[in-house]
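A.B. asks: Please work out how this folds:
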Amino acid sequence: MNVLGAPAAEIGYLVAAVLLILSLKGLSAPSTARRGNALGALGALLAVLVVLTSTDFAGANLTIVLVTMAVGAVVAVPAARRVKITAMPQLVALLNGVGGGAAALIGIVELALPTPLPEGTYLWVEILPEDAALTDYIDPSIPSPVPALVAIVLGIAVGAISFAGSVVTFLKLQGWMTARPLVLPGAPVIMGIAVLTTVATGWAVVVGGSVSLAVWLLVIAAFLGVLLVLPVGGADVPIVISLLNAFTGLAVAATGWALGNVLLLVAGALVGASGTILTLAMAKGMGRPVVGILFGALRGSSTAGSTQASDRPVRSATAGDVAVTLAYARRVVVVPGYGLAVAQAQHTVAELVEALRARGVDVVYGIHPVAGRMPGHMNVLLAEANVPYDLLVEASDVNPTMPATDVVVVVGANDVVNPAARTDPTAPIYGMPIIDADAAGQVIFLKRSMRPGFAGIENALLFAAKTQVLFGDAKASLAEVLAALKTA
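C.D. replies: Alright, predicted model coming up:
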């Protein structure tokens, strides 16, 4: 099905790469995110069409490719359309794992295929004189296969790590395995052996080009990926997803370099760079180094993910109490969290905010960079409810206004307003920048129960004299507050 010539195919790849770059640019701001997502999808579609129209498929290979694409579409489209916003991180983890696994398998296939000689190449055998230097007889115009083999091996190893690690993150977020850190006996030694074995096997593949060794490399690297993610606690899993996303980009870029495919190289480099930047930004948002997030549990300092509910008494409130408090406030900050997403209460909270603003109350949303299960989780959630972008205020910008804020309403968040991040050096979130809700005049928590957040630690702000707790499902509680506000 070779309709396009090589020059046209290269132009098509270049256009697709530009679309992917513009897509990332668009995704950098909520107001342009929809357009950025559309550009990325268009770039991916163009890349697939170029491959299909510029490749000579032997025998029934084209049929196999088309059937495989159809099966993938039948599975992926319904899954993407039906996924809940609370399960979006799990979907991202799976998609990332698929990318890493694909890069690894492409590397295996590339090693298994015979390497064709360049057109016009002739083989001959010549006996060299005893005093001759071999370098005098090597044609420097013929490239060495070693760099390509190194790139293939890198793609196999890193892709396998990303695939296996992404599967574990999916299982943790989905609740199919514990979100608590799992530290195997002798984990540092086992991990060290796995790293050395991966490197040694990879080098053996580069030297010998063995396909069977490459398969062993994939298995060992996948085991290393599992070891890498098991000790990570629930609160840190989204950061690891971002890191594994960067790994997948690196694997794809390495594969693209080995195959001489510009699009794979550009796309992989973009994913790798953006994933790395996002990982560092999230780690900064949590006030912890990436190394500490990955290996903290090996020395007993990672998030524990406890679910033990506190039995300490708190000052409870009714929907009517909250409505009166909000009705007579001058400034209110709403801090959304994962509980808002679980309750699907974004539309209800948006209605409440609009009702308050209609009464002349200055209301904004305080958005913490790691609230929820992934970066931008709260932005996406509130965008579904058509909340204006200018009402979403980042934590660093909202904190200076907290002393002048009358009421902070915390909806389903916990760790991102926990003062222990500033006051308790033993807390797993110590050093993490938080939203300074404790600096406001009053604090209202909407909670389903007294269970702690993902970090598994108690929030002292819940027991402060200025705090009231409204228990119940966030959506139902907000609806009751809204109804009471209309009669206040």
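
A.B. asks: any idea whether residue 371 is helix, strand or coil?
C.D. replies: coil (DSSP: H, G, I helix; E, B strand; the rest coil).

A.B. asks: can I assume it is in contact with residue 339?
C.D. replies: No - under the criterion of CB atoms under 8 Å, residue 371 makes no contact with residue 339, lying 10.2 Å away. C-beta coordinates here come from the backbone N, C-alpha and C atoms, glycine included.

A.B. asks: shared neighbours, those two?
C.D. replies: Both residue 371 and residue 339 are in contact with residue 413, where contact means CB atoms under 8 Å, 6 or more residues apart in numbering.

A.B. asks: quick one: which of those two has more around it?
C.D. replies: In this view residue 371 and residue 339 are compared by other CB atoms under 10 Å, and residue 371 has more residues nearby, 29 against 22.

A.B. asks: residue contacts, that one?
C.D. replies: 335, 336, 337, 338, 377, 378, 413, 416.

A.B. asks: ditto for residue 463
C.D. replies: Going by CB under 8 Å, 6+ apart, the list of residues near residue 463 reads 312, 313, 314.

A.B. asks: how's this protein carved up into domains?
C.D. replies: Domain segmentation of the chain under automatic domain parsing yields 1-82, 87-116+143-305, 319-487.

A.B. asks: Return the distance of the longest one from the chain's centre.
C.D. replies: When you say that, I think you mean domain 87-116+143-305. 13 Å (CA atoms, centre = their mean, to the nearest Å).

A.B. asks: Quick one: neighbours of residue 423, just the number.
C.D. replies: Around residue 423 sit 11 other residues, with neighbours defined as other CB under 10 Å.

A.B. asks: And residue 73, by the same measure?
C.D. replies: Taking other CB under 10 Å as the criterion, the count of residues near residue 73 is 10.

A.B. asks: Quick check: buried residues in the helix or strand containing it?
C.D. replies: In this structure, residue 73 sits in helix 61-82 according to DSSP states H and E. Neighbour-count burial for helix 61-82 flags residue 65 (criterion: 16 or more other CB atoms under 10 Å).

A.B. asks: Which members of the contacts of residue 463 occur in helices, if any?
C.D. replies: Judged by DSSP state H, those include no members of helices.

A.B. asks: Take those residues and lay them out in a markdown table including neighbour count and pLDDT.
C.D. replies: Below are the contacts of residue 463 laid out as a markdown table (neighbours: other CB atoms under 10 Å; pLDDT from 0 to 100):
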| residue | neighbour count | pLDDT |
| --- | --- | --- |
| 312 | 10 | 76 |
| 313 | 8 | 77 |
| 314 | 16 | 83 |
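
A.B. asks: next SSE after the helix holding residue 73?
C.D. replies: Heading C-terminal from helix 61-82, the first helix or strand you meet, by DSSP H and E, is helix 88-112.

A.B. asks: helices and strands around that following helix, which ones?
C.D. replies: Secondary-structure packing of helix 88-112 (3 or more CB pairs under 8 Å, 6 or more residues apart in numbering; DSSP states H and E): helix 146-174, helix 211-229, helix 237-259, helix 377-384.

A.B. asks: which residues touch the last one?
C.D. replies: When contacts are taken as CB under 8 Å, 6+ apart, the neighbours of helix 377-384 outside the stretch itself are 30, 33, 85, 88-89, 336-338, 340-341, 346-347, 350, 365, 367-368, 371-372, 389, 392.

A.B. asks: returning to that earlier point: can you redo the domains of the chain as a markdown table with mean pLDDT?
C.D. replies: Output for those, formatted as a markdown table (pLDDT from 0 to 100):
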| stretch | mean pLDDT |
| --- | --- |
| domain 1-82 | 85 |
| domain 87-116+143-305 | 84 |
| domain 319-487 | 90 |
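
A.B. asks: need the contact list for residue 112.
C.D. replies: Contacts of residue 112 (CB under 8 Å, 6+ apart): residue 211.

A.B. asks: Make 58 the starting number, not 1.
C.D. replies: Fine by me, first position is 58 from now on; the one you just mentioned is residue 169.

A.B. asks: Look up how far residue 279 lies from it.
C.D. replies: Note on residue 169: its distance to residue 279, by CB to CB, to the nearest Å, is 19 Å.

A.B. asks: Can you show me the helices along the stretch 408-545 of the chain?
C.D. replies: 434-441, 452-455, 477-480, 531-544 (DSSP state H, counting those that start in this stretch).

A.B. asks: wait, which of those helices is closest to residue 340?
C.D. replies: Among the helices of the stretch 408-545 of the chain, the nearest to residue 340 by CB to CB is helix 477-480 (14.3 Å).

A.B. asks: what's the most buried one of the helices of the stretch 408-545 of the chain?
C.D. replies: helix 434-441 (a mean of 21; mean count of other CB atoms under 10 Å).

A.B. asks: got the angle for that helix vs helix 145-169?
C.D. replies: Inter-element angle recorded for helix 434-441 and helix 145-169: 110 degrees (by axes from the mean of the first three to the mean of the last three CA atoms, to 10 degrees).

A.B. asks: ok, how many other residues are close to the closest residue to residue 136 other than its chain neighbours?
C.D. replies: Using CB to CB, 6 or more residues apart in numbering and skipping the chain neighbours, the partner closest in space to residue 136 is residue 148 (7.0 Å). Neighbour count for residue 148, taken as other CB under 10 Å: 16.

A.B. asks: Quick check: residue 148 vs residue 377, distance?
C.D. replies: According to CB to CB, residue 148 stands 40 Å off from residue 377.

A.B. asks: Please apply the same query to residue 233.
C.D. replies: Going from residue 233 to residue 377 by CB to CB gives 41 Å.

A.B. asks: Look at those two and report which has more neighbours.
C.D. replies: residue 377 (15 against 9).

A.B. asks: residues in contact with the more buried one?
C.D. replies: With contacts defined as CB under 8 Å, 6+ apart, the neighbours of residue 377 are 541, 545.

A.B. asks: Backbone dihedrals for it, both of them.
C.D. replies: phi -60, psi -40 (degrees, to the nearest 10).

A.B. asks: isn't residue 267 right up against residue 261?
C.D. replies: Yes - at 7.1 Å, residue 267 and residue 261 qualify as touching, with contact defined as CB under 8 Å.

A.B. asks: ok, of the contacts of residue 428, which one's closest to residue 101?
C.D. replies: When these are compared against residue 101 (criterion: CB to CB), the nearest one is residue 434, at 23.5 Å.

A.B. asks: If we go by neighbour counts, what in stretch 273-281 is buried?
C.D. replies: By neighbour count with 16+ other CB under 10 Å, stretch 273-281 contains the buried residues 274, 275, 277, 278, 279, 280, 281.
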